[in-house]
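Engineer: take this sequence and fold it.
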Amino acid sequence: MRRTSEHRAAAGFTLIEMIVVMTITAILVAIVAVFIRRPMEGLVDTTRRAALADAADTALRRMAREIRAALPNSLRVAQSGSTWYIEFLPVLAAGRYCEQSDCGSTPLDTVGGNASLSFAGPAPALSPIPAGTEAVIYNLGVTGLDAYAGGNSVGLASIGASSISFSASKIFTYASPGRRVQLIGPPVSYACSSGGTLSRIWGYTKQASQPVALPANASSAVLADFVASCAVDYTQSAIDQNGLLYLSLQLARAGETVSVSHAIQINNTP
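Structural biologist: Below is the predicted model of the structure:
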C-alpha cells in the first residue's frame, strides 16, 4: 500500500487534468483579449494618424519655407486633371544696385545696357555661384518684365567687391523703384496629385509657360505619399503687392484620414 501511494504521488497530473487546465487557460486568454483588443487598436490608429499628420505638416512647412523666398511675382499655379502644380523662381541672394555715377563705375543704364552693375552696400552673399544663376530687376510677371521669358533677367558671371558681372550685355528697360536686384536660381515646382503623391521638382530650364508635367531632365523627390486629395488657391493683390497662397492637403492610409491646411503670405514687392 505504501508503494502504491508513493507511486501515485510521483505520477504527476492526468490527461483529464491537463485538458481542464488548457480549457480554463483558453477561456482566460479569450476574456483578456476582448478587453485588450480595443485599447491596442486605438493605440495603433492614434499612431497612424499622428504619422500622417506629421507627414502632411512637414511637407507643407517645407513648401512654405521655400515659397516665401520666391522671386516677387514669379509664383505660378496651374491644375492639370487631378494634379496641382506650383512653380516659382527661388531667390538665392539680393542687393541694391547703383543708379548714379557717384555710387559706382557702372550704374544701371536702361538705354545702353549693362555688362556689369555696381551695387551699394555689402556684396550679395553667394559663393560659389550655382549653375544657372541669373540677375533680375523689377520683376512684375508681365510682358517685358517677366523673368520666365527673360525680358528682365540675364545670366550672372561673377560677383566682385563692388559690382556684379553678367554673361552678356543686358538692357533692363525699367529700373526698380527700390533699386533692388535679385539673384535667382533655376525654377522649382511642387506637384500635388489627388490619389498619388506630393513631389518637389527641380533641375530644369525655365519656360515662358508653366509646365504641367515633369519637364525633361528634371529631378523629383516625394515629400508625402498616400495623398487622398489636395487643393491650391492663389490670390494676388496688385494694390498692396502681396499674395496669399492657400494649401490644403489630405492624407489617407488604412482607413485613417488627416487633413492639414496652410496659408502662405507672398511678398510681391519687386
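Engineer: where does Arg96 fall, phi/psi-wise?
Structural biologist: With angles defined as degrees, to the nearest 10, Arg96 shows backbone torsions of phi -120, psi 130.
Engineer: for Val212, that is, sorry about that
Structural biologist: Backbone torsions of Val212, given as degrees, to the nearest 10, read phi -120, psi 30.
Engineer: just Tyr148 next, same as before
Structural biologist: Torsion angles, degrees, to the nearest 10, at Tyr148: phi -60, psi -40.
Engineer: got it, and Leu52?
Structural biologist: Phi and psi for Leu52, reported as degrees, to the nearest 10, are phi -70, psi -40.
Engineer: shift numbering so it begins at 750
Structural biologist: Okay, using 750 as the starting number, the last item reads as Leu801.
Engineer: tell me how many other residues crowd it.
Structural biologist: 23 (other C-beta atoms under 10 Å). The C-beta positions use only the backbone N, C-alpha and C, and glycine is treated the same way.
Engineer: quick one: residues contacting the closest residue to it other than its chain neighbours.
Structural biologist: Nearest-residue entry for Leu801: Val1007, 4.1 Å, with adjacent residues in sequence omitted and distances by C-beta to C-beta, 6 or more residues apart in numbering. For Val1007, the contacting residues are 798, 801-802, 805, 999-1001, by C-beta atoms under 8 Å, 6 or more residues apart in numbering.
Engineer: neighbouring strands of the helix or strand harbouring Val1007 in the sheet, and parallel or not?
Structural biologist: Assessed by DSSP states H and E, Val1007 sits inside strand 1005-1016. When sheet partners are counted by DSSP bridges, strand 1005-1016 sits next to strand 991-1002 (antiparallel).
Engineer: please enumerate the strands of this protein.
Structural biologist: With DSSP state E applied, the chain shows strands at 825-829, 832-837, 840-846, 863-869, 883-885, 902-908, 912-919, 929-933, 937-942, 947-951, 968-973, 976-986, 991-1002, 1005-1016, listed in chain order.
Engineer: can I get those strands in a markdown table with distance to Thr892 and mean pLDDT?
Structural biologist: Compiled in a markdown table, the strands of the chain are given as follows (distance: least, C-beta to C-beta, whole Å; pLDDT from 0 to 100):
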| stretch | distance to Thr892 | mean pLDDT |
| --- | --- | --- |
| strand 825-829 | 15 | 96 |
| strand 832-837 | 18 | 97 |
| strand 840-846 | 22 | 94 |
| strand 863-869 | 21 | 94 |
| strand 883-885 | 15 | 97 |
| strand 902-908 | 14 | 96 |
| strand 912-919 | 17 | 96 |
| strand 929-933 | 19 | 96 |
| strand 937-942 | 22 | 97 |
| strand 947-951 | 26 | 97 |
| strand 968-973 | 30 | 96 |
| strand 976-986 | 17 | 92 |
| strand 991-1002 | 20 | 93 |
| strand 1005-1016 | 21 | 91 |
